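[1] structure, please.
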Amino acid sequence: CTADAARYTRRHLRRWARPRRVPVPFPFWPASAREVPTPKGVVGIMSPWNYPVQLALWPAVDAIAAGNRVALKPSERTPRTAALLAELVEAALGPGIARTVLGGPEVAADFAAQSWDHLVFTGGTETGRKVAEAAARNLVPVTLELGGKCPAVVLPGADLARAARDILAGKAVNAGQTCVAPDTVLLVGHAPETFRAACAAAAIGAPEGGLATDAAAARLDRLAAGLPAYPLTPAGEGRRRPLSLVETPPGSALGREEIFGPVLALTPVPDLAAAIAWIAARPSPLAIYLFGATRAEEAAVAAGTRSGAVVSGRAVEYVAFPALGFGGIGASGTGRYHGRRGFEEFSNLRAVVRHGRWS
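    Predicted coordinates:
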């Protein structure tokens, strides 16, 4: 999808880069006013381990399209990919356009503290706060793509078999280690055992790969400890965990913390109003997924919650739409990129005004 994004941007860049005329109020005639997209300068990009190529290069596409140079800081958790990325970027773009900085957490902290003209960070919410604090000392504008508990709301009008299949397909990608993966299924008017049966019948394959580290595996085991779990796929070796459904009682750690693994929390709620209240009581997620929603129900969710996106009928896939701005709100992030939104995010829309000789 990164290559598709580059092709899409190349096709539309000339139109995005044109100066835009702005009307001038009558008392100031004769005058003309325009907004001219100009490069910000050098954009720092801090990318995570879970999608180490896509989340480094897609913001780089948008930043370079806007006329900037870029400095990449890949995650130290994927050292071989980071080294290969450095070679490819230097060969393709040259050091005058893009540089790659390799190193561990200390290097990453120093990278975040530099006086960039814009800084992009993709990762966890807590680390995002630290990056934002470091950037704020230099008044560097930031684009933060973070995480959160993305809910999937299964409404009475949903086709349970299809909803189960689509939710599980989104959860299985990268073993659930995706910032927009479904986290908790809010069952409106459906019994948990009925949804579990639909999930079992969906016959989704085992999650792609295992958890990234032993610490991540131990954290997931801690979150699910003592709760009723229903594995849908066989357990693997090492850090490979089965795709599982877990019922989450009120107050459990699994219901509070972002799961970020192949475990899907199940929470029955009595009606749509209760589902909206559940979402609104928590930090704003990147996405809310709706299944079986009418237009009126979709509008009610949009009006009663905050999120980066409201998606009906599928999960995760909207992120690959090259023309659709992507980002979060509140604890799930700030700023948008992808397509025209990315071009504008990394541009300074400079005002250019010409006054006449008399007024």
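[2] what residues are up against the closest residue to Ile276 other than its chain neighbours?
    The shortest distance from Ile276 to any residue other than its chain neighbours is 4.1 Å, reached at Gly304 (Cβ to Cβ, 6 or more residues apart in numbering). Bear in mind the C-beta positions are built from the backbone N, C-alpha and C, glycine included. Counting by Cβ atoms under 8 Å, 6 or more residues apart in numbering, Gly304 touches Ile276, Ile279, Ala280.
[3] just the buried subset of those, please.
    When the contacts of Gly304 are checked for burial by 16 or more other Cβ atoms under 10 Å, the buried set is Ile276, Ile279.
[4] what ranges do the helices span in the stretch 101-250 of the chain?
    Taking DSSP state H, counting those that start in this stretch as the criterion, the stretch 101-250 of the chain carries its helices at 105-112, 125-136, 160-172, 192-202, 214-224.
[5] mind checking how far the residue nearest to Ile276 is from Ala3?
    For Gly304, the distance to Ala3 equals 38 Å [Cβ to Cβ, to the nearest Å].
[6] swap in Lys130?
    In terms of Cβ to Cβ, Lys130 sits 32 Å off from Ala3.
[7] would you agree Arg357 falls within a helix?
    No. Arg357 sits outside any helix when classified using DSSP: H, G, I helix; E, B strand; the rest coil, being coil.
[8] against Pro30, how distant is it?
    Going from Arg357 to Pro30 by Cβ to Cβ gives 8 Å.
[9] repeat that for Ala302.
    Taking Cβ to Cβ, one finds Ala302 at 44 Å from Pro30.
[10] have a look at these two and say which one is more surrounded.
    The residue with more neighbours, out of Ala302 and Pro30, is Ala302; 14 against 11, by other Cβ atoms under 10 Å.
[11] so what's the more buried one up against?
    Residues near Ala302 by Cβ under 8 Å, 6+ apart: Val310.
[12] SS state for it?
    In three-state terms, and counting by three-state DSSP, Ala302 is helix.
[13] can you pull the pLDDT of it?
    In this model, Ala302 is scored at 97, pLDDT.
[14] how about the nearest residue to Ser75, chain neighbours excluded?
    Of all residues not flanking Ser75 in the chain, Trp49 sits nearest, at 4.0 Å (Cβ to Cβ, 6+ apart).
[15] with Arg222 instead?
    Nearest residue to Arg222 in three dimensions, chain neighbours excluded: Ala253, at 7.3 Å (Cβ to Cβ, 6+ apart).
[16] helix, strand or coil for Asn348?
    Secondary structure assignment for Asn348 (three-state DSSP): strand.
[17] for it, give its distance to Thr78.
    For Asn348, the distance to Thr78 (Cβ to Cβ) stands at 33 Å.
[18] is it true that Thr100 touches Val89?
    Yes. Between Thr100 and Val89 there is a contact at 5.4 Å, judged by Cβ atoms under 8 Å.
[19] mutual contacts of those two, please.
    Contacts common to Thr100 and Val89, judged by Cβ under 8 Å, 6+ apart, are Leu72.
[20] ok, back up a step: out of the contacts of Gly304, the closest to Pro249 would be?
    Closest approach to Pro249 among the contacts of Gly304 (Cβ to Cβ): Ile279, at 18.2 Å.
[21] where does the closest one land in three-state SS?
    The local conformation at Ile279, judged by three-state DSSP, is helix.
[22] which neighbours does the helix or strand harbouring Glu35 have in its sheet, and in what orientation?
    Here Glu35 sits within strand 31-39, counting by DSSP states H and E. Within its sheet, strand 31-39 is paired with strand 20-22 (antiparallel), strand 347-355 (antiparallel), according to DSSP bridges.
[23] before we move on, back to that, now the contacts of Gly304 in JSON lines, with pLDDT and distance to Ala191?
    Output for the contacts of Gly304, formatted as JSON lines (pLDDT from 0 to 100; distance: Cβ to Cβ, whole Å):
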{"residue": "Ile276", "pLDDT": "98", "distance to Ala191": "21"}
{"residue": "Ile279", "pLDDT": "97", "distance to Ala191": "21"}
{"residue": "Ala280", "pLDDT": "96", "distance to Ala191": "24"}
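[24] kindly indicate which of the contacts of Gly304 lies nearest Asp62.
    If you rank the contacts of Gly304 by distance to Asp62 using Cβ to Cβ, Ile279 comes first, at 29.3 Å.
[25] can you give me the distance of that closest one to Glu237?
    37 Å.
[26] coming back round to it: can you count the residues close to the residue nearest to Arg222?
    Neighbour count for Ala253, taken as other Cβ under 10 Å: 15.
[27] the strands in the stretch 201-350 of the chain, which residues?
    229-231, 244-247, 263-269, 287-291, 309-312, 333-334, 347-355 (DSSP state E, counting those that start in this stretch).
[28] partner strands of the fourth one, with direction?
    It stands for strand 287-291. Sheet partners assigned to strand 287-291 using DSSP bridges are listed as strand 151-154 (parallel), strand 309-312 (parallel).
[29] how far is the first one from where the chain is centred?
    For strand 151-154, the distance between its averaged C-alpha position and the chain's averaged C-alpha position is 17 Å (Cα atoms, centre = their mean, to the nearest Å).
[30] please apply the same query to stretch 198-205.
    On Cα atoms, centre = their mean, the centre of stretch 198-205 falls 26 Å from the chain's centre.
[31] any low-confidence regions in this protein?
    Along the chain, segments meeting pLDDT under 70 are nowhere present.
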